[in-house]
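Trainee: Model the following, please.
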Amino acid sequence: MASVRFTVTPTKAEDLPGGSDLSPDISLRSGSRVRFESDSANRSDPLSEVSGGVTSTSAGGGTDTPDHSSIDQGEGNSKTSSVYINSNHQVDDDDFYDKNLALFEEEMDTRPKVSSLLSRLVNYTNLTQGAKEHEEAESIGEKKKPSKSPQMGTLMGVYLPCLQNIFGVILFLRLTWVVGTAGVLQAFCIVLMCCCCTMLTAISMSAIATNGVVPAGGSYFMISRSLGPEFGGAVGLCFYLGTTFAGAMYILGAVEILLVYIAPGAAIFEGEGAAMLNNMRIYGSIFLLFMALLVFVGVKYVNKLASVFLACVIISILSIYVGALVSAFSVPDFPVCMLGNRTINAHDVVDNHCSKTVLVKVAKTTRLWKLFCHNSQLNATCDEYFTSNNFSEIKGIPGLTSGAISENLWGTYLHKGDVLEKRSLHASQAAHPASDRYPYVFADITTSFTVLVGIFFPSVTGIMAGSNRSGDLKDAQRSIPIGTILAILTTSLVYLSNVVLFGACIEGVVLRDKFGHSVKGNLVVGTLAWPSPWVIVIGSFFSTCGAGLQSLTGAPRLLQAIAKDNIIPFLRVFGHGKANGEPTWALLLTALIAELGILIASLDMVAPILTMFFLMCYLFVNLACALQTLLRTPNWRPRFSYYHWSLSFLGMTFCLALMFISSWYYAIVAMVIAGMIYKYIEYQGAEKEWGDGIRGLSLSAARYALLRLEEGPPHTKNWRPQLLVLLKLDEDAHVKSPRLLTFASQLKAGKGLTIVGTVVPGNYLQSYGEALAAEQTLKHLMDKERVKGFCQCIVAQKPRDGISHMIQSSGLGGMKPNTVVMGWPHAWRQSEDPQSWKTFINTVRVTTAAHLALLVPKNISLFPSNSEPCTEGYIDVWWIVHDGGMLMLLPFLLRQHKVWRKCSMRIFTVAQMEDNSIQMKKDLLTFTYQLRIDAEVEVVEMHDSDISAYTYERTLMMEQRCQMLRQMRLSKSDRDREGSSLGSDRNSMLRLTSIGSDDEDDTDGGERDRAGSGGGSSEHHRRIQMTWTKEKTTQYRATHSGCSTPEGFRDMLFNTSHFSFRDHSNVRRMHTAVKLNEVIVNRSHDARVVLLNMPGPPKNTEGDENYMEFLEVLTEGLERVLLVRGGGSEVITIYS
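Mentor: As a prediction, this is how the structure comes out:
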């Protein structure tokens, strides 16, 4: 026996010709070359070899079957078409397949080996923020440059960036004012609440950030991948808007420092109020332009300046602590001039003369006298409060040991225009309030606890800075939790200690003096700084400029990430940028939105806006962590273990409470914006599957709901049509009657389940691709018709079996279809496929056996589309037998749709001779009233009448046609012989033409079986062959002249000595069909649609052809008919 040797040559995808065109999966698989050699082959031709390969599944998700190598054995050479063949490598490796992995040869052609998979994971590099999944972003044909591995640790990568982003303009410009207005205790509560909110959010964020590798995308990536594209897009845009308005707030803060504390003379417009706002708008716009240009030129300059700005922040904060300690031993000289207990604007105190007169040889009035008396004369008439109170000076910075904290413990909330007063000073009160004509220090806005929360909260934002840099971290899963939590602890300690220090060291009226008017225009926190207020002024100016630059750098990249994810169609343009990836268009939009914030021109009004957006972002971070924890998703395995769902819910509660505490109307506006974005993405955005928590929540909720539905049958009040729509596909996989799905969509006011199904004839293994194509066709049609539901495609040898399987197996638990919608077999008399109508009748029987309702629209092509509403007309209901109320419910559901909304409903019922039609009408009116259905009611009387000649003639035509078809049918052996001569193309086309065609005539076979069994076979055969033929008709008419009358015609028909009907009941059924049709056509010829009870099929299958004829006669002359067959249960009730 000749021995066989297997030789395997491993190859790389890069070596393959055209390797750049391969899919990402192919590029990372190990190809191989297998050589089969035998001793005899080696002796005869050492070059003879066979190489095998398999093509891969296409990247687009198609289903390609393996491409078997074609082997041409000519002159000892073998040819194959596999792309895995590489003839350049001839390395033998006998131990590759035959010993270790031979069992998995086929799997390794379509799936990567573990070794290659691990190498991909080890070589994983973080992509730019918001990029697609790294598998999709890989470019196979390009030679990648070796990327520099990230080296940043916890300190430089997370801790310091978070410090820089958290410490900002509010600390230097507004914290002293918050402490003075709210008091030390309430200010402490405000700061503690905000810090607790960010700490709880940081814990949730740490859990999400350590649950696997987080590409550089920060909070947007975490939320979108945890809560899905809808929430991700909505919250991502909110976070983007918050970051953009934060940039505007920082710029306004820098302009305020410049115009109020550094260079007051640079103001273009002189004065307070509106003039100051206009100055802020002009200088703010200039600052924004310069900063945007700097970001556009290059982010590297911004990053280089970041360390300088951070140093300014740290030096400024240290100077506050040093100044507070120094004040305990050496009190800074910042006197505050008081008139009674009212604070005087130090700008109007000339030469430190805080008095009414000054003694220069003689008593001389001061500038303050002139301002209060409008005259410098000693005998001038002055303000009453000025006359009754004296000037005094108090220390603006009494020092750490002065005991000022006892006076500053409690809050002093003011209204706009109130004078800053010191409660402990005695003063005689004036009869009228202070006028803004006098040099007092006034409150510029009305304050309250909620207003202060909204203004302060932006000073604790910025906790996402570390997660935004996850791509630059050496160990992101370790650095992000530690760095972020330490940064929050540090900043919280600084804020809380500063609240106490400010209350202990600074006078209360100075604390409430927002712009430092009482201390000669100095920055209030600067008065405490050591060695000079300029340390704080210069440091805060540069730190706010740096924070503004960081916001204008980060916001465009966040918008670019959202745009590149392609979840919001109208943002796609902002995904593009310069050649190096800089988001030019996104920067332009960010600058425009920031300009809107600058035009507001008030730091105190901009701060609550970005507070809302940041709080909403933090709320959803907590929600994402809580959901993942409660759902116990198998993939939820964070390395950070110090989290709990209760902490996340507490964080959510804090965020929601702070939103409504700070500004309830801003909170509602922010939620409406997020909700609109959510709905837009849901309906218009691209579908993404990110394994998000909302999908997991949906699965858990669906499982819970399905289990609850299993507890018992639904009550009649809860009944709604759960539709199974059966569609036919033609040979090109196009839906034959798409209007059937349109009609189903018009019935969906019941908000029930919809399953759209079809049957693909064939074997599942061979027809899997056809089934997928059919399913895609159905999904496309459902999207076009806006039908929310599911597709089901069944492959079966016989379509009637496929339909039966579909009816039995569709749905799950309590969500099973209770109503089947199927089309009428058009032209069933002339159809070249005689089995289509048999499948139709079989489906009717199956639905009846399954106790399902059945809807059969006839002439479905004439039904209106969703874009063709009926302006007027009637929906007529012909209630012949009670079907559980389906005939009553369906018109109500149709009228909920815009197409049928303007149609009126009419109900007709039939009264026999023994019925009281007047009483029937009264009862029917009462019934419709109790059903809360508006409809006209009419009772139609059908008198007993003789069977007409037309009825007999239609019955004869039906019988004759049936008999003719039976005589024309081939026996099974004849069909087999004939079928062998037909081409396979013809057979396959016939199989695809109808959902209701079978390959063999089961009815004939059944009849032959029944004819051959039992003692009555001869009689059965004799009755089948008795028919009305042309010869017999001629002969009978020649001998019987009285057959022209109906009576004679009837006698002729029932004279069984010449011929007989197969079943006399056919005449009665035809009589009913003809009479009902006459009445219906007479009354409902102008109706938009007629709903009619569908008669049940005969129990004996021999009468199937007659059944179709009865239905045809019943619906003749009607343009649109909906045949309705109830499922045997009540679907409508008069009770509440």
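Trainee: From the structure, what's the count of residues near the closest residue to residue 1120 other than its chain neighbours?
Mentor: Spatially, and ignoring its direct neighbours in sequence, residue 1120 is nearest to residue 1089 (4.4 Å; C-beta to C-beta, 6 or more residues apart in numbering). For every residue, glycine as well, the C-beta is placed using N, CA and C. When counting by other C-beta atoms under 10 Å, one arrives at 27 neighbours for residue 1089.
Trainee: Show me how far the longest helix seen in the chain is from its chain's centre.
Mentor: In the chain, with assignment by DSSP state H, the single longest helix is helix 218-256. The chain centroid and the centroid of helix 218-256 are separated by 19 Å under C-alpha atoms, centre = their mean, to the nearest Å.
Trainee: Give the rounded mean pLDDT of it.
Mentor: On average, the pLDDT along helix 218-256 is 83.
Trainee: Show me which residues of the next helix or strand after it are buried.
Mentor: Using DSSP states H and E, the helix or strand that follows helix 218-256 in sequence is helix 274-297. For helix 274-297, a neighbour-count test (16 or more other C-beta atoms under 10 Å) marks 276, 279-285, 287-288, 291-292, 294-296 as buried.
Trainee: What of stretch 1081-1093?
Mentor: Neighbour-count burial for stretch 1081-1093 [16+ other C-beta under 10 Å]: 1083-1084, 1087-1093.
Trainee: now do stretch 777-797
Mentor: Counting neighbours by 16+ other C-beta under 10 Å, stretch 777-797 gives 777-778, 781-782, 785, 787, 789, 791-796 as buried.
Trainee: Likewise for stretch 589-601?
Mentor: 589-591, 593-595, 597-598, 600-601.
Trainee: Distance from whichever strand or helix holds residue 526 to the middle of the chain?
Mentor: In this assignment (DSSP H and E), residue 526 forms part of helix 524-528. Counting by C-alpha atoms, centre = their mean, helix 524-528 is centred 50 Å from the centre of its parent chain.
Trainee: ok, residue 230 touching residue 675?
Mentor: No - the criterion here is C-beta atoms under 8 Å, and residue 230 misses it with residue 675 at 10.2 Å.
Trainee: one step back: which two from the buried residues of stretch 1081-1093 end up farthest apart in space?
Mentor: 1088 and 1093 (18.7 Å; C-beta to C-beta).
Trainee: after the helix or strand where residue 657 lies comes which helix or strand?
Mentor: Assessed by DSSP H and E, residue 657 sits inside helix 645-662. Next helix or strand after helix 645-662 toward the C-terminus (DSSP H and E): helix 664-684.
Trainee: Put the alpha carbons of that next one into PDB.
Mentor: Provided in PDB are the C-alpha atoms of helix 664-684 (Å, rounded to 0.1, in the frame of the first residue of the first chain):
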ATOM      1  CA  TRP A 664     -36.300  73.700  37.300                       C
ATOM      2  CA  TYR A 665     -37.000  75.400  33.900                       C
ATOM      3  CA  TYR A 666     -33.500  74.900  32.600                       C
ATOM      4  CA  ALA A 667     -33.800  71.300  33.700                       C
ATOM      5  CA  ILE A 668     -37.000  70.800  31.800                       C
ATOM      6  CA  VAL A 669     -35.400  72.400  28.700                       C
ATOM      7  CA  ALA A 670     -32.300  70.200  28.900                       C
ATOM      8  CA  MET A 671     -34.500  67.100  29.200                       C
ATOM      9  CA  VAL A 672     -36.700  68.100  26.300                       C
ATOM     10  CA  ILE A 673     -33.500  68.700  24.100                       C
ATOM     11  CA  ALA A 674     -32.200  65.300  25.200                       C
ATOM     12  CA  GLY A 675     -35.500  63.700  24.500                       C
ATOM     13  CA  MET A 676     -35.800  65.200  21.100                       C
ATOM     14  CA  ILE A 677     -32.300  64.000  20.200                       C
ATOM     15  CA  TYR A 678     -33.200  60.500  21.500                       C
ATOM     16  CA  LYS A 679     -36.400  60.300  19.400                       C
ATOM     17  CA  TYR A 680     -34.600  61.600  16.300                       C
ATOM     18  CA  ILE A 681     -31.900  59.000  16.600                       C
ATOM     19  CA  GLU A 682     -34.500  56.300  17.200                       C
ATOM     20  CA  TYR A 683     -36.400  57.100  14.000                       C
ATOM     21  CA  GLN A 684     -33.800  58.600  11.700                       C
END
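Trainee: and it, what does it pack onto?
Mentor: helix 218-256, helix 603-631, helix 645-662 (3 or more C-beta pairs under 8 Å, 6 or more residues apart in numbering; DSSP states H and E).
Trainee: Let's test this: mean pLDDT of the last one, rounded?
Mentor: The pLDDT scores in helix 645-662 average 92.
Trainee: same question, stretch 492-504
Mentor: Computed over stretch 492-504, the average pLDDT equals 94.
Trainee: Now that stretch: buried residues?
Mentor: Quick answer for stretch 492-504 (16+ other C-beta under 10 Å): 492, 494-495, 498-504.
Trainee: what's the nearest residue to residue 278 if we skip its chain neighbours?
Mentor: Spatial nearest neighbour of residue 278, chain neighbours left out: residue 269 (5.0 Å); criterion: C-beta to C-beta, 6+ apart.
Trainee: hmm, I was thinking of residue 285
Mentor: residue 598 (6.0 Å).
Trainee: what about the one you found, distance to residue 256?
Mentor: Using C-beta to C-beta, to the nearest Å, residue 598 is found at 12 Å from residue 256.
Trainee: for residue 232, same thing?
Mentor: 35 Å.
Trainee: so what's residue 275 up against?
Mentor: Residues near residue 275 by C-beta atoms under 8 Å, 6 or more residues apart in numbering: 267, 269.
Trainee: Which pLDDT value goes with it?
Mentor: At residue 275, pLDDT is 87.
Trainee: Mind putting the helices and strands packed on helix 664-684 into JSON lines with mean neighbour count and distance to residue 462?
Mentor: Shown next, in JSON lines, are the helices and strands packed on helix 664-684 (neighbours: other C-beta atoms under 10 Å; distance: least, C-beta to C-beta, whole Å):
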{"stretch": "helix 218-256", "mean neighbour count": "27", "distance to residue 462": "8"}
{"stretch": "helix 603-631", "mean neighbour count": "25", "distance to residue 462": "9"}
{"stretch": "helix 645-662", "mean neighbour count": "20", "distance to residue 462": "16"}
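Trainee: possible to save these as TSV with distance to residue 205?
Mentor: What follows is these, written out as TSV (distance: least, C-beta to C-beta, whole Å):
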stretch	distance to residue 205
helix 218-256	7
helix 603-631	5
helix 645-662	10
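Trainee: out of the ones you listed, nearest to residue 756?
Mentor: Per C-beta to C-beta, nearest to residue 756 of the helices and strands packed on helix 664-684: helix 218-256, 24.6 Å.
Trainee: Give me the angle between the closest one and helix 274-297.
Mentor: 130 degrees (axes from the mean of the first three to the mean of the last three C-alpha atoms, to 10 degrees).
Trainee: nearest to residue 379, of the buried residues of helix 274-297?
Mentor: residue 276 (37.4 Å).
Trainee: Now do the closest one against residue 268, distance only.
Mentor: 10 Å.
Trainee: next one: residue 208
Mentor: 48 Å.
Trainee: So for these two, which residue has more residues nearby?
Mentor: More crowded of residue 208 and residue 268, by other C-beta under 10 Å: residue 208, with 28 against 10.
Trainee: on that earlier part again, does anything pack onto the helix holding residue 657? Which helices or strands?
Mentor: helix 175-209, helix 449-456, helix 603-631, helix 664-684.
Trainee: so can I have TSV of these showing distance to residue 354?
Mentor: As requested, the helices and strands packed on helix 645-662 are exported to TSV (distance: least, C-beta to C-beta, whole Å):
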stretch	distance to residue 354
helix 175-209	21
helix 449-456	31
helix 603-631	30
helix 664-684	42
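Trainee: wait, which of those helices is closest to residue 238?
Mentor: helix 603-631 (4.6 Å).
Trainee: Just list what that closest one packs against, helices and strands only.
Mentor: Short answer (3+ C-beta pairs under 8 Å, 6+ apart): helix 603-631 packs on helix 169-173, helix 175-209, helix 218-256, helix 449-456, helix 584-600, helix 645-662, helix 664-684, helix 693-709.
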